Structure formats: structure tokens, C-alpha cells
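Trainee: All I have is the shape, not the residue letters:
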Ligand SMILES: Nc1nc2c([nH]c(=O)n2[C@H]2C[C@H](O)[C@@H](COP(=O)(O)OP(=O)(O)OP(=O)(O)O)O2)c(=O)[nH]1
């Protein structure tokens, strides 16, 4: 079983809502709502990878010190084991514009269970509710 490290962010707006994005068609788990992020490139540090992914996927600039670790997902998929730290971030530059045209939503933490998400994400919702109400 190979271990896959993916980094993800919960961007939080001034109203304490969390940004989720719909996975594009053609990708694994397409159509499910997820926290923006992705896999590390060779030699990248986790925070560096997340800064890159947020700029590539959403067009926003985040600085690494603005990424605060909240919790992580550890989930066995059929062909790999996912380890995914979730960072929270309240500060960025720019306006969220999904590069691949994917749908995004600002959701209340307590409403996240209403969105179909990858199975790995279920344990991440509790800590977000604890943080944001
Ligand atoms: N970004 C993200 N990935 C998640 C979440 N939950 C979850 O199970 N995953 C899984 C789905 C994928 O197997 C993996 C992320 O891979 P990805 O395909 O989005 O990564 P990437 O953006 O680097 O994509 P690519 O270059 O390989 O196309 O993590 C989540 O909340 N956010």
C-alpha cells in the first residue's frame, strides 16, 4: 500500500464560512466537494505545495506563515493510503477564481455534511465545526 501525501486548505472568509470546490470531471472522485489542494511536487515542502496549488486552482496568493495546521485525514482508499493535512487560512490576496471552471461554494462548517465529499474528508468536519461553529 503506497502512502500519498496531499495538502489541503480550508480558506475562511470574514463571515467564518469555508471554501469548498467541486472536483472537475475526468478526475478521480469527480463531482465531490473538497478542500482545495493537491499532491506535492518532487522536492516541495507541504506549505510550499499548498501555496502553489491555491494559486494554480483558485488564483489567490497565500503566504506560508498564514497556513495554520488544524487536523489531518488518514484514509485507506483501494489503491493508496491518503495522508492529508488540513490547514486553515484566513488571509490571502486576490479574488477566488477557479482556474478549471470548477464550482466553488462558501459554506458554513455545520452545513458541510450536506455536501457529498470524498470519504477521507468526513473526520475533518468536526474540527472545523469546533473552530467555526
Ligand atoms: N485536494 C483534495 N484532495 C482530496 C480531498 N479529499 C480526498 O480524498 N482527496 C484526494 C483525492 C485525490 O486522490 C487526492 C488529491 O489529488 P488531486 O488529483 O486533486 O491532486 P492534484 O491537484 O495534484 O492533481 P493532479 O495534478 O494529479 O491532476 O486526494 C480534499 O478534500 N482535497
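Mentor: Right, received. Where do you want to start? Just so we're clear, the structure is a prediction, and the values are computed from it rather than from any experiment. Numbers count the residues shown, from 1 in each chain.
Trainee: What's opposite the residue in the chain positioned nearest to the ligand in the beta bridge?
Mentor: Closest residue of the chain to the ligand, CB to the nearest ligand atom: residue 38 (2.8 Å). C-betas here are computed from N, CA, C, even on glycine. Beta bridges link residue 38 to residue 7, judged by DSSP bridges.
Trainee: same check, this time on residue 3
Mentor: Bridge pairing for residue 3 (DSSP bridges) gives the partners residue 81.
Trainee: Look up how far residue 87 lies from it.
Mentor: 19 Å (CB to CB, to the nearest Å).
Trainee: SS state for the closest residue to residue 125 other than its chain neighbours?
Mentor: Nearest residue to residue 125 in three dimensions, chain neighbours excluded: residue 112, at 4.8 Å (CB to CB, 6 or more residues apart in numbering). Under DSSP: H, G, I helix; E, B strand; the rest coil, residue 112 falls in the helix class.
Trainee: Does residue 112 touch residue 19 like I think?
Mentor: No: in terms of CB atoms under 8 Å, residue 112 does not count as a neighbour of residue 19; the distance is 11.1 Å.
Trainee: re earlier: compare residue 3 and residue 87 (neighbour count), which wins?
Mentor: residue 87 (24 against 9; other CB atoms under 10 Å).
Trainee: That one contacts residue 64, doesn't it?
Mentor: No: contact criterion CB under 8 Å: residue 87 and residue 64 do not qualify, at 9.6 Å.
Trainee: Give the intersection of the neighbour lists for these two.
Mentor: Here residue 87 and residue 64 have residue 47 as joint contacts, going by CB atoms under 8 Å, 6 or more residues apart in numbering.
Trainee: for the chain, what's the longest helix?
Mentor: As assigned by DSSP state H, the longest helix anywhere in the chain is helix 46-58.
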